[in-house]
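**Student:** Got a predicted structure plus its sequence, pasted below:
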Amino acid sequence: MTDNVMTELATWADARLSDLVDSAHGAILDRIPMYRETDIVPYEDLHQSIANNLGFMIGTLATVEAPLDLAAPRETGRRRAHQGVPLPEVLRAYRICFSTMWDALLQRSNQRNRPGDSEALLDAASRIWQVTDEHAVALTESYRSTTAELLVAHQERRSALVEALLSGRPSADAGQLEAASLLDLPSDAMFVVVAAETRGLAEGSLPSIERHLASQGVVSAWRLTPALQLGVVALTTEQREQALTVIRSHASCRTGISPEFGSLIDTPRALQLAKAALAMVPAGRTATRIFSASPLAALVARSPEESRRVAERVLGPVLELAAEDRLILLDTLTEYFDHGASAEAAAKHLHCHANTVRYRLRRITELTHRSLSEPLDIAELTAAAYAIQLSPELSTPEPPRKRR
């Protein structure tokens, strides 16, 4: 008897499917404002989805023993994920859809007021909420798996676009400027490239850095390689220090940052300078180094082998000193050049007296036979000092073998 009544209710609901769909469609539009945005989910799409899902639900009432067909909720989950509809809103629309059908069945049963209807309605309720739950699970699983696929595809595309910027080689559908646009990098900003060692094989040492920078209004794009985590960061004048603070605070390995540059066409060059800045940080230390904006420093970085020969030729006598003396003199020379050739400014950074700096500089000029008052000698000493920073092994405790 109960099965017969449920079949009758299902037949009745099926005959009025169009009205039920219209009613559910109107209720969803009324209660969920986002569905009124037709550029997200077109009315026709929503209407058809309601019809498919209600149709499958009514079919389960008529054929209780038949296995559930979950094609409709899975398709709904997949489509809504592609459309970017939040999952809670999708599930809310689903509940509205099925509660509309339940209200109609309840009203029909009350109108008929026949023996057995109440028992059949209870059975129908149990069946409806069981199926609704299984539909919701199928929809959620489909939505989440599709979202995961979309996220992977999105990250892969962003990574490819960042690679196009860093390498200077265009992808199949975008050159450097197009890649920057697709990555939402502003064209009127200054930029830096960040190169950070990975903590393990392809394990980023700046976790969630894009999100952390975005929270400060800083736009960036990142790519992970087996050995390096690489990023292009867009900066305004006001954001510079804030962005650098965020990067420093989250870095867990050696990290290098290029000088600022204005044209994204220069990104490959900036990458080389960011890598050079990373190389200046001693192995095993967690520190962030910004490469000098000096054109001479960039020139030295462009030719590592030649720069090493310059360092050994110009500063060879200093490199042959005992470890402590060698490091003190090299640090003093670097700080002197980094602070505008001011002994007083270098002394403050080195925590010593300015006369101590001048004494150390005299020792360097005596050992190298190069004067800090001769332009050519200054250029050679500056280039050699930059080269030492790029090749820290030159200043390590074991000095190179003496030249014959």
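**Tutor:** Perfect, I can see it now. The structure displayed is predicted, hence computed values, not measured ones. Numbers count the residues shown, from 1 in each chain.

**Student:** Where does E306 fall, secondary structure wise?
**Tutor:** Element membership of E306 [criterion: DSSP states H and E] is helix 304-319.

**Student:** Go through that helix and flag the buried ones.
**Tutor:** By 16 or more other CB atoms under 10 Å, the buried positions in helix 304-319 come out as S307, R308, V310, A311, E312, V314, L315, G316, P317, V318, L319. Every C-beta, even on glycine, is put in place using the N, C-alpha and C of the backbone.

**Student:** For the residue nearest to I290 when sequence neighbours are not counted, the count of nearby residues, please.
**Tutor:** Nearest non-adjacent residue to I290, counting by CB to CB, 6 or more residues apart in numbering: I257, 4.6 Å away. A total of 26 residues lie near I257 under the criterion other CB atoms under 10 Å.

**Student:** Please save the CA atoms from the helix holding E306 in PDB.
**Tutor:** Presented in PDB, the C-alpha positions along helix 304-319 are these (Å, rounded to 0.1, in the frame of the first residue of the first chain):
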ATOM      1  CA  PRO A 304      81.800  35.400 -12.400                       C
ATOM      2  CA  GLU A 305      85.000  33.700 -13.700                       C
ATOM      3  CA  GLU A 306      86.600  36.900 -14.800                       C
ATOM      4  CA  SER A 307      85.600  38.700 -11.600                       C
ATOM      5  CA  ARG A 308      87.200  36.000  -9.600                       C
ATOM      6  CA  ARG A 309      90.500  36.500 -11.500                       C
ATOM      7  CA  VAL A 310      90.200  40.200 -10.900                       C
ATOM      8  CA  ALA A 311      89.700  39.600  -7.100                       C
ATOM      9  CA  GLU A 312      92.800  37.300  -6.900                       C
ATOM     10  CA  ARG A 313      94.900  39.700  -9.000                       C
ATOM     11  CA  VAL A 314      94.000  42.900  -7.200                       C
ATOM     12  CA  LEU A 315      93.500  41.600  -3.600                       C
ATOM     13  CA  GLY A 316      95.900  38.600  -3.800                       C
ATOM     14  CA  PRO A 317      98.200  39.900  -1.100                       C
ATOM     15  CA  VAL A 318      95.300  40.500   1.200                       C
ATOM     16  CA  LEU A 319      93.800  37.000   0.500                       C
END
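
**Student:** Show me what that helix is packed up against.
**Tutor:** helix 295-302, helix 323-338, helix 354-368, helix 375-390 (3 or more CB pairs under 8 Å, 6 or more residues apart in numbering; DSSP states H and E).

**Student:** Now do the helix or strand where R74 lies, average pLDDT.
**Tutor:** Per DSSP H and E: R74 is located in helix 71-83. Across helix 71-83, pLDDT averages out at 89.

**Student:** by contact count, what packs against that helix?
**Tutor:** Contacts defined by 3+ CB pairs under 8 Å, 6+ apart place helix 71-83 against helix 43-62, helix 87-112, helix 117-167.

**Student:** mind putting the ones you listed in TSV, mean pLDDT and distance to N355 included?
**Tutor:** TSV is the format used below for those (pLDDT from 0 to 100; distance: least, CB to CB, whole Å):
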stretch	mean pLDDT	distance to N355
helix 43-62	85	80
helix 87-112	85	70
helix 117-167	81	47
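
**Student:** which of the ones you listed is buried the deepest?
**Tutor:** Per residue and on average, the most neighbours among the helices and strands packed on helix 71-83 fall to helix 43-62, with a mean of 19 (mean count of other CB atoms under 10 Å).

**Student:** what angle sits between that helix and helix 117-167?
**Tutor:** Helix 43-62 and helix 117-167 meet at an angle of 140 degrees, taking axes from the mean of the first three to the mean of the last three CA atoms, to 10 degrees as the criterion.
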